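Engineer: model this:
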Amino acid sequence: MMEKEKLIELIDYTLLSPVASKEIIKTFCLEAITHGFRTVFVNPWYVPYAYTILSPHGIKVGAPIGFSLGGATTRVKVEETKAAIEDGASEIDMLVNLGAVKSREFNAVYQDIDAVVRAAGGLTTKVIIETSLLNLAEKREVTEIVMAAGADFVKTATGFNGGGATVEDIELLSNISQGKIGVKAAGGIRTYEDTVKMIEAGATRIGASGAVAIIQNRKSKADY
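Structural biologist: The predicted model follows:
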């Protein structure tokens with residue numbers, strides 16, 4: 001069994017519903033404090049509010065960029081990144097330009113990621129590639145680009161565009177990256193068992209809106 005504290009360290013607790021109210025965000029933040037999660041992700045508009053609640057407790061706030069389709073221009077993604085950081089975000093999860101990937105305009109894909117990484121100024125940056133929408137060759141190509149552009153993680157999915165993390169994709173991304181960058185599994189991870197499978201496959205970070213349920217599952221199995 002994985003130790004509870006180790007599991008908590010690996011999980012980004014997320015609430016990215018487009019209809020989440022301020023009261024729901026507050027409850028979410030209080031849950032993060034109660035359970036000791038290290039990082040939470042909320043939509044950019046809520047970053048200042050979440051930061052106000054969480055920063056006294058040493059919990060980081062992350063923001064999704066170019067969410068959830070990835071088709072925003074690089075200039076927009078850069079400004080969104082800068083604004084999120086000004087508002088208190090200390091981790092950035094950007095969505096790759098999927099249209100550019102499908103058009104095989106890989107230089108544009110690189111420039112898009114590179115610009116956001118630079119705008120993040122050394123803060124942890126993850127790149128969402130939507131594995132369920134890519135073929136094997138595209139997954140390989142894009143992961144190599146993510147590494148070359150200086151991002152810290154490659155991430156499987158938003159959870160909003162169909163599909164999500166699979167053991168096979170985590171193994172693939174882990175094999176490509178060879179420990180040079182982290183691998184974040186996200187999308188459809190709902191149980192302790194799911195989480196452990198992803199970690200065993202090579203995930204070094206987990207994104208989950210069901211993080212509390214995962215931890216509670218873990219506690220019940222370990223008889224905490």
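Engineer: what's the helix or strand for the nearest residue to Asp93 once chain neighbours are set aside?
Structural biologist: In this structure, Asp93 finds its nearest non-sequential neighbour in Lys126, 4.6 Å apart by Cβ to Cβ, 6 or more residues apart in numbering. Where C-beta positions appear, they are placed from N, C-alpha and C, glycine not excepted. For Lys126, the element it lies in under DSSP states H and E is strand 124-128.
Engineer: Give me the next element, helix or strand, following that strand.
Structural biologist: helix 136-148.
Engineer: Quick check: mean pLDDT of that following helix?
Structural biologist: Helix 136-148 shows a mean pLDDT of 98.
Engineer: next one: stretch 155-174
Structural biologist: Across stretch 155-174, the per-residue pLDDT values average to 95.
Engineer: Just the CA trace of that stretch, in CSV.
Structural biologist: Provided in CSV are the C-alpha atoms of stretch 155-174 (Å, rounded to 0.1, in the frame of the first residue of the first chain):
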residue,chain,number,x,y,z
LYS,A,155,0.0,15.5,-19.2
THR,A,156,-2.5,13.1,-20.7
ALA,A,157,-5.8,14.9,-20.8
THR,A,158,-8.1,17.7,-19.7
GLY,A,159,-11.0,15.2,-19.0
PHE,A,160,-13.3,17.5,-21.1
ASN,A,161,-12.6,16.2,-24.6
GLY,A,162,-13.3,12.5,-24.3
GLY,A,163,-10.9,9.9,-23.1
GLY,A,164,-8.5,10.2,-20.3
ALA,A,165,-5.4,8.6,-18.7
THR,A,166,-4.7,5.0,-19.6
VAL,A,167,-2.0,2.8,-18.2
GLU,A,168,-0.7,2.2,-21.8
ASP,A,169,-0.4,5.9,-22.5
ILE,A,170,1.4,6.6,-19.2
GLU,A,171,3.8,3.8,-19.9
LEU,A,172,4.4,5.3,-23.4
LEU,A,173,5.0,8.8,-22.2
SER,A,174,7.2,7.6,-19.4
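Engineer: Identify each buried residue in that stretch, please.
Structural biologist: 155-161, 163-166, 169-174 (16 or more other Cβ atoms under 10 Å).
Engineer: before we move on, the earlier item: on contacts alone, who are the packing partners of the strand holding Lys126?
Structural biologist: Strand 124-128 sits against strand 89-95, helix 106-120, strand 153-155, strand 182-186, with contacts defined as 3 or more Cβ pairs under 8 Å, 6 or more residues apart in numbering; DSSP states H and E.
Engineer: and with 10 Å instead?
Structural biologist: The contact analysis (3 or more Cβ pairs under 10 Å, 6 or more residues apart in numbering; DSSP states H and E) places strand 124-128 against strand 60-65, strand 89-95, helix 106-120, helix 136-148, strand 153-155, strand 182-186, strand 205-208.
Engineer: Just checking: what are the partner strands of that strand?
Structural biologist: Paired neighbours of strand 124-128 in the sheet (DSSP bridges): strand 89-95 (parallel), strand 153-155 (parallel).
Engineer: Distance to Val47 added to these, as CSV?
Structural biologist: Below are the strands paired with strand 124-128 laid out as CSV (distance: least, Cβ to Cβ, whole Å):
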stretch, distance to Val47
strand 89-95, 5
strand 153-155, 18
